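Student: Only the shape, not the letters, is given here:
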Ligand SMILES: [Ca+2]
Ligand SMILES: [Ca+2]
C-alpha cells in the first residue's frame with residue numbers, strides 16, 4: 001500500500017483559540033487578549049488568523065507600530081508580529097525553535113492594542129477566522145476551534161447600559177455591593193470592587209448632576 005503521508009507527525013492543534021470579551025470607554029486604550037488552550041501535536045512556531053471587528057468602534061494602534069503586543073506564551077525575544085494593511089490579518093512566529101509554544105501550553109498568544117473610537121452603547125463582535133498553526137517543520141499545518149467575544153463601549157456609571165445615568169443605575173450598583181458582583185461600569189472609585197460608595201457616587205451624580213469622569 002502506498003503511503004501519501006510524507007511527514008509522520010500530526011498537525012498542530014489546540015482545544016481552542018479564543019478572543020476575550022471586553023469593554024471600554026470612548027478614548028480608552030484596551031488590551032484584548034487572544035488565548036490558546038492546551039496545545040496538542042506541537043510545538044507551534046507560527047500562527048496566522050484574521051480578527052474581525054467593527055473598525056468604526058475599535059482601532060488598532062498601527063501608526064505607533066504597537067498594534068500587537070506579546071502574550072504570555074510569546075514573550076521570547078525572537079517572536080515577531082505582522083499586521084496586514086487590512087488591519088485584521090495577523091501573522092506571528094519565532095525564528096527560534098526553542099521559543100515555539102509547547103504541547104499542553106495554555107495562555108495568551110497576543111494582546112490586541114485597541115483604542116476605543118466608538119460611542120457609548122455601541123458594541124461589536126470580536127471574531128477569529130482562518131486560524132492556522134504551523135510546527136517547526138513548516139509542513140504540518142493545523143487549526144483549532146475559535147471562541148469569539150464581543151466588545152462594548154460603555155459609560156462609567158451607566159450600569160444597565162441604557163446610555164443614561166439614573167437612580168436605576170445606583171440601585172443596581174447597590175445590589176451588586178450587597179451580592180459581591182462586579183461590573184467595571186459600576187466601579188466609579190476604580191478600586192476593582194463595587195461597594196455602597198460606588199452606588200452613592202452614582203446617586204450623587206444623578207442628584208447633583210455631577211459629571212462622572
Ligand atoms: Ca443607565
Ligand atoms: Ca469601587
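Tutor: Noted; the coordinates are in hand. Fair warning: this is a prediction, and the values are worked out from it, not measured in the lab. Residues are numbered from 1 along each chain as shown. Ligands and ions are numbered 1, 2, ... in the order given.
Student: And for stretch 195-203, what's in contact with it?
Tutor: When contacts are defined by CB atoms under 8 Å, 6 or more residues apart in numbering, stretch 195-203 is touched by residues 157, 159, 165, 167, 169-171, 173-174, 177, 186-189, 212. No exception for glycine: its C-beta is placed from N, CA and C like everyone else's.
Student: Would you write a PyMOL line that selects the buried entries of those residues?
Tutor: Command for PyMOL, covering only those of these found buried under the criterion 16 or more other CB atoms under 10 Å:
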select buried, resi 157+159+165+169+170+173+174+177+186+187+188
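Student: out of the contacts of stretch 195-203, who's nearest ligand 1?
Tutor: residue 169 (4.3 Å; CB to the ion).
Student: give me every residue that touches the closest residue to the closest one other than its chain neighbours.
Tutor: Leaving aside its sequence neighbours, residue 169 sits nearest to residue 159 (CB to CB, 6 or more residues apart in numbering; 4.2 Å). For residue 159, the contacting residues are 169, 172, 173, 176, 183, 185, 186, 202, by CB under 8 Å, 6+ apart.
Student: rerun that using 10 Å as the cut-off
Tutor: By CB atoms under 10 Å, 6 or more residues apart in numbering, residue 159 lies in contact with 165-166, 168-173, 175-176, 183-188, 194, 198-199, 202.
Student: Just the ones of those residues in helices?
Tutor: 168, 169, 170, 171, 172, 173, 175, 176, 198, 199, 202 (DSSP state H).
Student: now, which of the residues you listed sits nearest ligand 2?
Tutor: For these, the nearest to ligand 2 is residue 198 (4.4 Å; CB to the ion).
Student: okay, now the closest one: neighbour count?
Tutor: Here the count is done by other CB atoms under 10 Å, and residue 198 has 26 residues near it.
Student: so how far is residue 168 from the residue nearest to it when sequence neighbours are not counted?
Tutor: Spatial nearest neighbour of residue 198, chain neighbours left out: residue 188 (4.7 Å); criterion: CB to CB, 6+ apart. With distances taken as CB to CB, to the nearest Å, residue 188 is found 15 Å from residue 168.
Student: cool, residue 182 as well?
Tutor: Distance, residue 182 to residue 168, by CB to CB: 18 Å.
Student: which stretches of this protein have low pLDDT?
Tutor: For the chain, the stretches flagged by pLDDT under 70 are 1-9, 62-65, 209-213.
Student: before we move on, back to that, what are the phi and psi angles of the residue nearest to residue 169?
Tutor: phi -70, psi -40 (degrees, to the nearest 10).
Student: so where does residue 130 fall, helix or strand?
Tutor: Assigning secondary structure by DSSP states H and E places residue 130 in strand 123-134.
Student: for that strand, which positions count as buried?
Tutor: 123, 124, 126, 127, 128, 131, 133, 134.
Student: in terms of contact, does the fourth one touch residue 148 like I think?
Tutor: Yes - judged on CB atoms under 10 Å, residue 127 makes contact with residue 148 at a distance of 4.5 Å.
Student: Overlap of the contact sets of the two?
Tutor: Common neighbours of residue 127 and residue 148 (CB under 10 Å, 6+ apart) are 19, 51, 52.
Student: Excluding sequence neighbours, find me the nearest residue to the last one.
Tutor: Leaving aside its sequence neighbours, residue 52 sits nearest to residue 127 (CB to CB, 6+ apart; 4.3 Å).
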